[in-house]
Each structure stands twice: as C-alpha cells, then as structure tokens.
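# quick one: sequence plus predicted model below, questions after.
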Amino acid sequence: MSQHTRARSLSRERVIKRTDLFPGGEALDPVALLGDLLNKITDLDAPLSVTISDNSSSVTYLLSAFISKEYEVIDDTVKFGLKRLKTKELRANVSFEIQISSDD
C-alpha cells in the first residue's frame, strides 16, 4: 500500500484561538489545523478519517465530526475526550481505506 505525505509546519497562534467556550479561554481550531486541505475536499461527508496524534497517543474522528467542533486547550495540551495530546507534537493525518474483495 502506498502512502503520500505532505508535511507542513504551523505556528501555535495559527491553530489555537481565543474562545469563551472553555474556562481557559483557548481552543484548537480544527479548520485552521487542516488548512487549505479542506478547500480541496468537495464532499465533507465522504468517509475520510482524521487521526490526530502526538508522540505517545492518538485519536481518530470522521472528518465531518472533527471539523464540527472546537477542542479545549489546557496549558500545552489539547483535550480530546479523555485523552490529552501535546500541542507541540500535534500531527494530523487525513486518510481513507479501500478494501477490494474477490467476487467468489
């Protein structure tokens, strides 16, 4: 299976925004995190998954679910449900899976 990767680096100020939604006043903006990639996707209901990871943990969402909310930032971590990932090590991977089976 081949995998194509395009790395890019973003500043914290670009993807973390001020908000009144959380007590700490900061949230991860998933649209800013995925950036111009979203402009190239014509159907946000396509079965694409987004895996967000740091060097020790990861979480996976459907693309439409991931971009529909903001995620609380506490100190130098982003809160994804029960998991907290380090903002300095955050990586996003958008993917889809295709299975080919024989018609037996």
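Nice, I can see it. Bear in mind that the values here come from a model prediction, so they are computed numbers and not experimental data.
# and the contacts of stretch 47-59?
Residues external to stretch 47-59 that are found in contact with it (C-beta atoms under 8 Å, 6 or more residues apart in numbering): 30, 34, 41, 60-63, 66, 78, 80-81, 83, 85-86, 89-97. The way it works is simple: take the backbone N, C-alpha and C, and place the C-beta from them, glycine included.
# inside helices: which ones of those residues?
Among these, DSSP state H puts 30, 34, 63, 66 in helices.
# which two in those are spaced the farthest apart?
With distances taken as C-beta to C-beta, the most widely separated pair in these is 30 and 63, at 9.3 Å.
# out of the contacts of stretch 47-59, which are buried?
Neighbour counting by 16 or more other C-beta atoms under 10 Å classes 30, 34, 61, 63, 66, 78, 80, 85, 90, 92 among the contacts of stretch 47-59 as buried.
# reformat those as a markdown table; add pLDDT and distance to residue 17.
Listed next are the buried ones among the contacts of stretch 47-59 as a markdown table, based on pLDDT from 0 to 100; distance: C-beta to C-beta, whole Å:
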| residue | pLDDT | distance to residue 17 |
| --- | --- | --- |
| 30 | 94 | 11 |
| 34 | 90 | 14 |
| 61 | 95 | 19 |
| 63 | 92 | 20 |
| 66 | 94 | 16 |
| 78 | 97 | 12 |
| 80 | 96 | 17 |
| 85 | 97 | 17 |
| 90 | 92 | 15 |
| 92 | 91 | 16 |
